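**Student:** Sequence plus predicted model, see below.
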4 protein chains.
Amino acid sequence: MRRRVCRVFHFERPQIYVVRHRTTLITGPHRSEGTRHGQLGTIRLGKRTDARCPKIRDFLPLADLNDLVFTGWDIFTDDMYAAASKAGVLERELIDRIQPFLESIKPLPAVFNRNYVRKLDGPNVKEGKNRMHLAEQLRADIREFKRSSGARRFVMIWCGSTEIFLQPREVHQSLKAFVSALESNDENISPSMIYAYAALSEGVPFANGAPNLTVDIPAMHELSRLNEAPICGKDFKTGQTLVKTILAPGFKARMLGLHGWYSTNILGNRDGEVLDDPESFKTKEVSKLGVLEHILQPQVYPELYGKIFHKVGINYYPPRGDNKEGWDNIDIFGWLGYPMQIKIDFLCRDSILAAPIVLDLVLFLDLAQRCDELRRLGIQEWLSFYFKSPMTVPGLYPEHDLFIQSMKLKNTLRHVKGEEQITHLGLEYYD
Amino acid sequence: MRRRVCRVFHFERPQIYVVRHRTTLITGPHRSEGTRHGQLGTIRLGKRTDARCPKIRDFLPLADLNDLVFTGWDIFTDDMYAAASKAGVLERELIDRIQPFLESIKPLPAVFNRNYVRKLDGPNVKEGKNRMHLAEQLRADIREFKRSSGARRFVMIWCGSTEIFLQPREVHQSLKAFVSALESNDENISPSMIYAYAALSEGVPFANGAPNLTVDIPAMHELSRLNEAPICGKDFKTGQTLVKTILAPGFKARMLGLHGWYSTNILGNRDGEVLDDPESFKTKEVSKLGVLEHILQPQVYPELYGKIFHKVGINYYPPRGDNKEGWDNIDIFGWLGYPMQIKIDFLCRDSILAAPIVLDLVLFLDLAQRCDELRRLGIQEWLSFYFKSPMTVPGLYPEHDLFIQSMKLKNTLRHVKGEEQITHLGLEYYD
Amino acid sequence: MRRRVCRVFHFERPQIYVVRHRTTLITGPHRSEGTRHGQLGTIRLGKRTDARCPKIRDFLPLADLNDLVFTGWDIFTDDMYAAASKAGVLERELIDRIQPFLESIKPLPAVFNRNYVRKLDGPNVKEGKNRMHLAEQLRADIREFKRSSGARRFVMIWCGSTEIFLQPREVHQSLKAFVSALESNDENISPSMIYAYAALSEGVPFANGAPNLTVDIPAMHELSRLNEAPICGKDFKTGQTLVKTILAPGFKARMLGLHGWYSTNILGNRDGEVLDDPESFKTKEVSKLGVLEHILQPQVYPELYGKIFHKVGINYYPPRGDNKEGWDNIDIFGWLGYPMQIKIDFLCRDSILAAPIVLDLVLFLDLAQRCDELRRLGIQEWLSFYFKSPMTVPGLYPEHDLFIQSMKLKNTLRHVKGEEQITHLGLEYYD
Amino acid sequence: MRRRVCRVFHFERPQIYVVRHRTTLITGPHRSEGTRHGQLGTIRLGKRTDARCPKIRDFLPLADLNDLVFTGWDIFTDDMYAAASKAGVLERELIDRIQPFLESIKPLPAVFNRNYVRKLDGPNVKEGKNRMHLAEQLRADIREFKRSSGARRFVMIWCGSTEIFLQPREVHQSLKAFVSALESNDENISPSMIYAYAALSEGVPFANGAPNLTVDIPAMHELSRLNEAPICGKDFKTGQTLVKTILAPGFKARMLGLHGWYSTNILGNRDGEVLDDPESFKTKEVSKLGVLEHILQPQVYPELYGKIFHKVGINYYPPRGDNKEGWDNIDIFGWLGYPMQIKIDFLCRDSILAAPIVLDLVLFLDLAQRCDELRRLGIQEWLSFYFKSPMTVPGLYPEHDLFIQSMKLKNTLRHVKGEEQITHLGLEYYD
């Protein structure tokens, strides 16, 4: 019997999950199908002169996109066709081609609490006497989907909103404490944690696309290892921060100093609205600001990066719709301290940048769970590539440099297949 | 007796060589001394948790900047103080602090021919009955400097102008053919080649900062290996192309497609004037355009990079002076082919970005010549990091990705000291 | 019997004329109908406290857009529906709504000569033994359209390509010389002049939307006055030059000095292709460069505007399509000569900016011909507002300042209706 | 005996007043002297063909800059040389040339109250039992300066900080109520009002460079007319708002619609620090936001300007120093509602743009007080040109369009000298 791969999605931010990823159906002029590692990416093997550069999906047993089935939770009752139509990200023509498929996906009632996301509210919400009771309802949903879909493998991705800023407390330090806190309905446990708990308890890997604390606590690390359900996060690296983690390593490589970096965003979608709440923005800001410090290592280069003024703003600007615009002003300095400036204007599309990350994570988390060496690790640091705030074991600094992240990802794939690591030394070509 | 390191510089473009690199003398607010690998760079050794991250200059026996002595050739007779004053790159105050030192460096008469650089002319030029005769005069200059300076080790850096576009011909294919061509005064041999021939014949390593053909021909590879005088090139990677080789790898890492990249520059210095000549610009253009193709690999990713419209322009705009401005418009596309745009405006300073490259190359070429393994290689591909068009052995594609170049450089340094290669795999932290 | 207004258009650049201007048919979200003076513009009358601000179309007997009928000439045989579909300026949905109407407009064979527009060629071209013979064919076309359409009033607008640079010669100095030159087939007479001659000979007003010499010669002034057929031109002021004539008067008003202004454009439509020919670009460049000198008056303000480096470039960049992008770098200086910079990036749409100019000129030239005072003037300087290189009588400097042009236009309208001129003095409010 | 002109300045923001405006002393390369209407501006008289275009200072009896003497108040005790050195706006070299002159100007103790400017504090502050008592101290200062300077004519300019947002109350409605409120120490009276009251009571004209309420209340209008001491304001129009009032009239002239305008600023001087307080920023924001509504007249053009999303931000960014950077994103729409975007980056210098406004206002207010017709008007609306929020009599809408403002200013100057008004009609040239 053919094994079907199945993913359980959480959805609440409608931009992402609404298009079925059977991208072979969605084509047209300039419609490159998918554009992501899991489908298009290649991996160089051996020496430069070997010309071995297979597609990743041919090198490793990734799931086929056409085999995926979908479900999810939302605070609104719109099915995926209605949600995609309202979001306005994709042209109507594309959505209409797969209307019956999209209409068939109806969101389950969500676990939601306005205390954690103040700018949103919706009718499609579960009731429960305490947080444990809510978790059990989610677990029942997952089991029911396993049954009804007939699929064997599952992944859950958090595509929901940014919650208010939470810090690790006593209740987050062990699985035991966390379980008690669920039962005592402790307010240190946010909705996203309830979802993660439900997934991991059912052995389903979990990726965290928002900057929320969620799985970045010892209790979840414990549960992940216990059930061999990999985790990764946090906060998808899409627009401005993506560009920042591309440029900053370049400045450091060339030892160009930095006086200040001012970043501002304008965006008009629901994300912009949620982040207009200072409590939610705080969570996002912490995630966005940490990037430079880890890449530039001010403690190693105090002359160059010891005094950086770094500021990040997000502005709700409805005329933009889902099209985000990120503007950066970067004040660098070169030889003898002479100042130079770089201005960047990134006219991007939030969901278009996020969607392939979701798909890649589905494929790679599914792969990780099938790989003995990776399954047992809990945190999948090799997926840092996709996140603004990569999770690591305690005591280890995260790698934010996109190019180190990319090498880490690819050398991990080489490693699990027993291929030689690439170091770019290459002196042998000159013998 | 203390061995003094001494470098023979070629200068013709006055911005670069005019400041004595005893940078400890040039300090003040925001004056980070040097900002370059040879002085500030660090290198991580061992595991992330080892916290071993020495300065490169402590890890390897680099020459001390304070031990350098300088000479050079120019088509103008201005000493370095006069040249620096006219260039207007550095504040008068900085130059005045080392006036006696700068005045003491007077350029030797240059080998120059207007057929190769049409927008320039100057009075301080050697006469010779043929190209070999000119080469011999340069060799005599080098020997005299060796004698008078008392130094033992030498490096020559080409900081001169862009010559007209030349292609490899029969006379460039072997040392023997090249020597005959020098004697028969063949017009396929440009002035920069005469300098390179003189340097390598005297056992002096040579770096090519312009996009000229110069040492990128089999005859020079042969001479370099024969005399164990390392070579590298070509075309210093400073402003817009530097940014391009930072961003393009980032786009590829994320599998973001590219429709077009339009780059234009405005600059008001002598470079801008020379490049106003279409023949010189042609040479520069070839160097600038190759970058994207090698990074993005259209043959591997035809859906993403198979049809790129790439255009580069340079405009002479006197109001800018030495402060160059590079403007880029980048048309990328993401998931399902949706288009996005990135605009970059880089308000940079040409010479300030180039000067530390010159210094790093002096230190690293000197190191290479003292290292058994590197000295014999001829082309120092590990120095690709500094060049727009990195030289390689025939049959090997060049690496343009700044981050691969940086890893290559650092893993080479680790290798020559017997340290372990860094691969960023790092699974061991999770055991 | 109701008098119908009818306009004879010349078309060759397909972006503009293809949509029927019955804009009440073309509505939808964000579809403001028309957006132009003739339909939306208002005019303040009397004192600020009078609150008299009628629409221009109510103040003056402008033709109604719904009464217009269209024809034209083109070197291609595509009807307007086919041409609009290929141009890709308007969404297919808008075009389809008026498909039968657009299909009914078929272009007449054009007068065309590749010597004047080197990058274009097409099959739908008239043959003639000399230029006079071609002119007569055009006059016959006009008379036939007058007959078949039943309309009584006519206007011709040149929306064709930029021709090569021509300078006024002896043959352009009088109507008599011009007629002989038509007969002797003199190469100083370009196709656009043949159209203008045909229109004016038939008493049809003529507007010149390209920078071509066309009606800017004494022979045409003479013919225009003789037949009381108004003329105006030249070169529609749309994207970058529009912004320039908005900003430059602002700098002058504040006495901010100017060191340099660097403008570059990228565009991917047929205009971009035609202007890739240096001869056509020359004509455009002269039109674009004159703007600053006339606005800033270097002879009056030598300290501020005596030494401006002004450069304009146009680059053919297919990824942009009809969406033009104009980038400006402006180096200004303020008090005590301190330098400041302004960067502008205008992501515009060429045809969308040009179309309402065409419509306004149709309405205003028709008005001019019905007004005794204006009809006799020949050149309609009060329409300078729409042009990059406004035509004036010899000896008079043109007004390029958009705000002077706007005041000139509105005070002319007030004048022809006997309303008081507006001076913005306004001391009376304080009595 | 020669009459000396003397001005009483209020200073608190040290960038502006610290350089003596005897600009003939401050020259050098690119040092155009002054760059302002009072010194460089010209005025066209009569017909275009008359070539009458005298300098304004020759057309009207403006004071000579060399005759000015200065004083002022500050919360810091630094003399002008110390203040200018700290501000870092001008090069040290320029300041040093007039060091003795600058050192001779020592600020008088200021009237200051932290409740109105929360981010500042200083030691050089007057004590008083109530606001009337403070006003009397200022009046005594003015009388003492009149005596000691020997000057006959005076002007006071407010260059101090932005106060918290105040709205007109009962106490501001008449001079009588205001005087009682001074005596009862009413907190609706801010420090800037106390200065204005003192100046006008002594017959000294007053200009308001900040967005504070100050003289924009009936009580001050009354006092101004009573003592024939002209007033004007408010909020100097310098960087981003200047550009906005240049561009917006251009969009309206062409009937280009507007969806949104997002403006953000980064600046690192004391202004940036003061405006980091939300209460001060509120005052500034109201001043900045009103501009578009008045220029674009949404009530007249609801289709084009009825739904504008306009947002203005100011960010304190120390790396910039006094060099402000204003970034604008403008979403316009053209024919058939097609959207277009304009991005502007203005790298400006706050004080360099403000200083010539201060000087012009000194000259023009002094002129107004010597002109019978203007002196009696109170509010000098013809000086709207210099302000973000021009003052008018109640019931009259302000003119924000820079070009209407400029025409108003120049036609007022023509009017007071009996010259004909310019209307730009110009039909006579075609007779």
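**Tutor:** Noted; the coordinates are in hand. Numbers count the residues shown, from 1 in each chain, chains lettered A, B, ... in the order given.
**Student:** shaky segments in chain A?
**Tutor:** A:1-39, A:287, A:425-427, A:429-431 (pLDDT under 70).
**Student:** could you pull out the strands for it?
**Tutor:** Listed in chain order, the strands found in chain A under DSSP state E are A:73-74, A:108-109, A:156-158, A:206-208, A:231-233, A:257-267, A:309-316, A:323-333, A:339-349.
**Student:** Looking at these, which is nearest to C:Tyr338?
**Tutor:** Counting by Cβ to Cβ, C:Tyr338 lies closest to strand A:339-349 out of the strands of chain A; the figure is 16.2 Å. The C-beta positions use only the backbone N, C-alpha and C, and glycine is treated the same way.
**Student:** is chain D contacted by the closest one?
**Tutor:** Yes. Judged by Cβ under 8 Å from any Cβ of the partner chain, strand A:339-349 comes into contact with chain D at A:343, A:345.
**Student:** Find the closest residue to chain D in the stretch 151-300 of chain A.
**Tutor:** Residue nearest to chain D within the stretch 151-300 of chain A: A:Gly260 (3.5 Å; Cβ to the nearest Cβ).
**Student:** Wait, that residue touches D:Asn315, no?
**Tutor:** No. The criterion here is Cβ atoms under 8 Å, and A:Gly260 misses it with D:Asn315 at 10.8 Å.
**Student:** any common contacting residues for these two?
**Tutor:** Common contact partners of A:Gly260 and D:Asn315 (Cβ atoms under 8 Å, 6 or more residues apart in numbering or on different chains): A:Lys311.
**Student:** mind listing what A:Asp216 touches?
**Tutor:** By Cβ under 8 Å, 6+ apart, the contact set of A:Asp216 is A:168, A:208, A:233-234, A:389, A:391.
**Student:** Looking at the residues you listed, spot the one nearest D:Lys417.
**Tutor:** Nearest to D:Lys417 among the contacts of A:Asp216: A:Ser389, at 68.7 Å, using Cβ to Cβ.
**Student:** Can you tell me how far that closest one is from A:Glu285?
**Tutor:** Look at A:Ser389 and A:Glu285: by Cβ to Cβ, to the nearest Å, they are 11 Å apart.
**Student:** what do you get for A:Phe206?
**Tutor:** Relative to A:Glu285, A:Phe206 is positioned 24 Å away (Cβ to Cβ).
**Student:** sorry, back to before: neighbour count: A:Ser389 and A:Glu285, which is higher?
**Tutor:** Neighbour tally, A:Ser389 and A:Glu285, criterion other Cβ atoms under 10 Å in any protein chain shown: the higher count belongs to A:Ser389, 23 against 18.
**Student:** The more buried one reaches A:Cys232, doesn't it?
**Tutor:** No. A:Ser389 sits out of contact with A:Cys232 when judged by Cβ under 8 Å, with a separation of 11.1 Å.
**Student:** hmm, back to that, apart from its neighbours in sequence, what residue is nearest the residue of the stretch 151-300 of chain A closest to chain D?
**Tutor:** Among residues not flanking A:Gly260 along the chain, D:Pro319 sits closest, at 3.5 Å (Cβ to Cβ, 6 or more residues apart in numbering or on different chains).
**Student:** Quick one: neighbours of that neighbour, just the number.
**Tutor:** D:Pro319: 21 neighbours (other Cβ under 10 Å).
**Student:** Tell me which residues of stretch A:98-116 come out buried.
**Tutor:** Within stretch A:98-116, the residues scored as buried using 16 or more other Cβ atoms under 10 Å in any protein chain shown are A:98, A:102, A:105, A:107-113, A:116.
**Student:** so who does A:Ala219 touch?
**Tutor:** The neighbours of A:Ala219, taking Cβ under 8 Å, 6+ apart as the test, are A:171-175, A:177-178.
**Student:** measure it to A:Arg169 for me?
**Tutor:** In terms of Cβ to Cβ, A:Ala219 sits 11 Å off from A:Arg169.
**Student:** One more: A:Met340?
**Tutor:** In terms of Cβ to Cβ, A:Met340 sits 45 Å off from A:Arg169.
**Student:** Tell me the bridge partners for A:Val125.
**Tutor:** Judged by DSSP bridges, the bridge partners of A:Val125 are A:Ala110.
**Student:** Alongside chain C, which residues does chain A contribute?
**Tutor:** A:343, A:345.
**Student:** pretty sure A:Gly72 is touching A:Pro107, no?
**Tutor:** Yes. Here A:Gly72 lies in contact with A:Pro107, judged by Cβ under 8 Å, at a distance of 5.6 Å.
**Student:** Domain-wise, how is chain A divided?
**Tutor:** Segmentation of chain A into domains, based on automatic domain parsing, reads A:5-236+A:352-416, A:240-347.
**Student:** Tell me which of the ones you listed lies nearest to B:Gly239.
**Tutor:** Using Cβ to Cβ, the nearest of the domains of chain A to B:Gly239 is domain A:240-347, at 9.1 Å.
**Student:** and that closest one, how far out from the chain's middle?
**Tutor:** On the basis of Cα atoms, centre = their mean, to the nearest Å, domain A:240-347 sits 19 Å off its chain's mean C-alpha point.
**Student:** State the distance from A:Pro390 to A:Ile295.
**Tutor:** Computed as Cβ to Cβ, the A:Pro390 to A:Ile295 distance reads 12 Å.
**Student:** With A:Lys410 instead?
**Tutor:** 19 Å.
**Student:** More neighbours: which of those two?
**Tutor:** Taking other Cβ under 10 Å, A:Lys410 and A:Ile295 do not tie; A:Lys410 has more neighbours (26 against 21).
**Student:** Just to check, that one is in contact with A:Leu45?
**Tutor:** No. Using Cβ under 8 Å, A:Lys410 makes no contact with A:Leu45, being 9.9 Å away.
**Student:** Number of residues surrounding the nearest residue to A:Gly334 once chain neighbours are set aside?
**Tutor:** Setting aside the residues directly before and after it, A:Gly334 is nearest to B:Ile352 in space (Cβ to Cβ, 6+ apart), at 4.3 Å. Neighbourhood size, B:Ile352 [other Cβ under 10 Å]: 26.
**Student:** Could you verify my assumption that B:Ile352 touches B:Leu94?
**Tutor:** No. Contact criterion Cβ under 8 Å: B:Ile352 and B:Leu94 do not qualify, at 11.9 Å.
**Student:** Overlap of the contact sets of these two?
**Tutor:** A:Leu336.
**Student:** could you dump the contacts of A:Ala219 to JSON lines with distance to chain B?
**Tutor:** Below are those laid out as JSON lines (distance: Cβ to the nearest Cβ, whole Å):
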{"residue": "A:Val171", "distance to chain B": "25"}
{"residue": "A:His172", "distance to chain B": "20"}
{"residue": "A:Gln173", "distance to chain B": "19"}
{"residue": "A:Ser174", "distance to chain B": "19"}
{"residue": "A:Leu175", "distance to chain B": "18"}
{"residue": "A:Ala177", "distance to chain B": "23"}
{"residue": "A:Phe178", "distance to chain B": "21"}
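**Student:** Same list (the residues you listed) but as CSV, adding neighbour count and distance to chain D.
**Tutor:** Shown next, in CSV, are these (neighbours: other Cβ atoms under 10 Å in any protein chain shown; distance: Cβ to the nearest Cβ, whole Å):
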residue, neighbour count, distance to chain D
A:Val171, 20, 36
A:His172, 21, 35
A:Gln173, 14, 38
A:Ser174, 14, 43
A:Leu175, 17, 44
A:Ala177, 16, 40
A:Phe178, 23, 39
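**Student:** Quick one: closest of the strands of chain A to B:Asn130.
**Tutor:** strand A:339-349 (44.9 Å).
**Student:** Give the buried residues for the closest one.
**Tutor:** Within strand A:339-349, the residues that count as buried by 16+ other Cβ under 10 Å are A:340-349.
**Student:** Check stretch A:377-386 too.
**Tutor:** Buried residues in stretch A:377-386, counted by 16+ other Cβ under 10 Å: A:377-386.
**Student:** For that stretch, measure first residue to last.
**Tutor:** 18 Å (Cα to Cα, to the nearest Å).
**Student:** if I look at A:Pro390 and A:Ile295, which residues touch both of them?
**Tutor:** Common contacts of A:Pro390 and A:Ile295 (Cβ under 8 Å, 6+ apart): A:His400.
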